[in-house]
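1. could you work out the structure for the sequence below:
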Amino acid sequence: MDIKVIKTEEAYQQALKRLEVIFDAPIDSTEGDEAEIMSILIEKYENENFPIGPPDPIEAIMFRMEQMDMKKSDLAEIIGYKSRVSEILSKKRKLTLEMIRRLHDKLKIPYETLIADY
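-> Model prediction:
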């Protein structure tokens, strides 16, 4: 087992290939330990080099609505009138503090996501 910190794209690609080979190794084996360490190193490299920003608040609402099989009329029960829902989803109106609180409580969307600028 020759494990090194991943610093380059080439090392990253090699690590991915190696992990693919040992991925299904038993947990309490040398290869299992290697797979766990490789996973940590790969995740660290990806977080540093391919960061994923927070989602847009409206995209997060629409994604959550899709997950919960909600319609605009269902969302209107949470934030107000149907026309307000259309304005919010089309980004013509900003979310109010009360809307953010209700969306967080009912849809379990993190506050950090809902208060982000869009």
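
2. how's the protein carved up into domains?
-> 9-49, 57-114 (automatic domain parsing).

3. next, format those as a markdown table and append mean neighbour count.
-> (C-beta placed from N, C-alpha, C; glycine too.) Output for the domains of the chain, formatted as a markdown table (neighbours: other C-beta atoms under 10 Å):
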| stretch | mean neighbour count |
| --- | --- |
| domain 9-49 | 13 |
| domain 57-114 | 15 |
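
4. tabulate the ones you listed (JSON lines), appending mean pLDDT and distance to I3.
-> What follows is the domains of the chain, written out as JSON lines (pLDDT from 0 to 100; distance: least, C-beta to C-beta, whole Å):
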{"stretch": "domain 9-49", "mean pLDDT": "96", "distance to I3": "6"}
{"stretch": "domain 57-114", "mean pLDDT": "95", "distance to I3": "34"}
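
5. out of those domains, which comes closest to D2?
-> When these are compared for distance to D2 using C-beta to C-beta, the nearest one is domain 9-49, at 9.4 Å.

6. SS state for R18?
-> When classified by DSSP: H, G, I helix; E, B strand; the rest coil, R18 comes out as helix.

7. not counting its neighbours along the chain, what's nearest it?
-> Nearest non-adjacent residue to R18, counting by C-beta to C-beta, 6 or more residues apart in numbering: M38, 6.2 Å away.

8. how about K4?
-> In space, and not counting its chain neighbours, K4 is closest to A11: 7.1 Å by C-beta to C-beta, 6+ apart.

9. circling back: and the helix or strand where the residue nearest to R18 lies, C-alpha only, in CSV?
-> Following DSSP states H and E, the helix or strand that holds M38 is helix 30-49. Extracted in CSV, the C-alpha atoms of helix 30-49 (Å, rounded to 0.1, in the frame of the first residue of the first chain):
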residue,chain,number,x,y,z
THR,A,30,-5.6,-4.3,3.9
GLU,A,31,-7.4,-3.4,0.7
GLY,A,32,-10.5,-2.3,2.6
ASP,A,33,-8.3,0.1,4.7
GLU,A,34,-6.6,1.3,1.6
ALA,A,35,-10.1,2.0,0.0
GLU,A,36,-11.2,4.0,3.0
ILE,A,37,-8.0,6.1,3.0
MET,A,38,-8.2,6.6,-0.8
SER,A,39,-11.8,7.7,-0.5
ILE,A,40,-10.9,10.3,2.1
LEU,A,41,-8.0,11.6,-0.1
ILE,A,42,-10.2,11.7,-3.2
GLU,A,43,-12.9,13.6,-1.3
LYS,A,44,-10.4,16.1,0.0
TYR,A,45,-9.0,16.7,-3.5
GLU,A,46,-12.5,17.1,-5.0
ASN,A,47,-13.6,19.5,-2.3
GLU,A,48,-10.6,21.7,-2.9
ASN,A,49,-10.6,21.6,-6.7
